[in-house]
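In: Coordinates for the following, if possible.
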Amino acid sequence: MYGNDSSEVYDLLHRARGKDFEAEADEVARLIAARLPAASSLLDVACGTGAHLVRFAERYQHVAGLELSEPMLALARSRLPEVTFHQGDMRTFRLGRRFDAAVCLFGSIGYVDGPEGLGATLERFAEHLTPGGVLVVEPWWTPEAFTPGHVAADVVTVDGTRIARVSHASLDGTASLMNVHYVIAHEETGVRHFSEEHRCQLFTREQYDDAFTSAGFAVERLASPLSHRGLLVGVRK
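Out: Modelled structure (predicted):
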């Protein structure tokens, strides 16, 4: 869960580190169009601050977002006041309507707790897609690809604010545990520090495939410029 502090710097930090939300949304839309050219509606699950949805809203007649973190939702709503956003858990949400496409990006699927949580999440996705609807998921790391002890560090400057982020990754059972510390410095507001922990499940390729198949999807695993982890693309049968 992202709190108030990290939500405020989330987009600034990731853009400064090279993340291109618009290019990512374009690539996902291309994959959707290749499988369902007439797609006109899209649901972004774990939509964060709505950065991808800004682009999706230009391409689809109707878009909506689902997010568990209230601070992230507040930013998304301020950015896209005309879009409907829902506060909810991806394992249990029920919106009462279907979409032509759904996405879950940036490894957010890893926040579900174990194979049962993954299965429940894929069932919710299927429930909210029309027959032939397309689901695009950017998975989290698999157990064999995860590197315990990995340390990352970045310092970026955006509009006079300097942001330092350091993280350490460890193994916690069948999950990764990432401890993240931030230091933010500004000439007027001074220096502040906060930290967060993010626990994400390390699902195997077989667990992803089983969850997609059990939920009624034909699934493909694709290499992608978006992520070293690739993408999972499912079409609802």
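In: Who are the contact partners of the closest residue in space to Gly132 that isn't next to it in sequence?
Out: With Cβ to Cβ, 6 or more residues apart in numbering as the measure, Leu36 is the residue that lies nearest to Gly132, at 5.9 Å, once sequence neighbours are left out. The way it works is simple: take the backbone N, C-alpha and C, and place the C-beta from them, glycine included. Taking Cβ atoms under 8 Å, 6 or more residues apart in numbering, we find Leu36 in contact with 100-101, 132-134, 235.
In: so how far is Gly149 from the residue nearest the centre of the chain?
Out: For the chain, Leu105 is the residue whose C-alpha lies nearest the centre (Cα atoms, centre = their mean; 3.3 Å). Relative to Gly149, Leu105 is positioned 26 Å away (Cβ to Cβ, to the nearest Å).
In: Could you do Glu220 as well?
Out: 32 Å.
In: re earlier: which pLDDT does the model give the residue nearest to the residue nearest to the centre of the chain when sequence neighbours are not counted?
Out: In space, not counting the residues next to it along the chain, Leu105 is nearest to Glu138; the distance is 4.6 Å by Cβ to Cβ, 6+ apart. On the pLDDT scale, Glu138 is placed at 97.
In: Next: the one 5 residues further on.
Out: Predicted confidence (pLDDT) for Pro143: 97.
In: Please look at it and Glu206 and confirm they touch.
Out: No: taking Cβ atoms under 8 Å as the definition, Pro143 is not a contact partner of Glu206, at 11.0 Å.
In: the more surrounded of those two?
Out: More neighbours surround Pro143 than the other of Pro143 and Glu206, with 15 against 9 (other Cβ atoms under 10 Å).
In: tell me the contacts of the closest residue to that one other than its chain neighbours?
Out: Ranked by Cβ to Cβ, 6+ apart and with sequence neighbours excluded, the top spatial neighbour of Pro143 is Leu202, at 4.4 Å. Taking Cβ under 8 Å, 6+ apart as the criterion, Leu202 is in contact with 110, 140-143, 146, 174-176.
In: buried sites along the helix or strand where Asp26 lies?
Out: For Asp26, the enclosing helix or strand under DSSP states H and E is helix 21-35. Along helix 21-35, the positions that meet the burial threshold by neighbour count (16 or more other Cβ atoms under 10 Å) are 21, 24-25, 27-29, 31-32, 35.
In: Alright, calling it a day.
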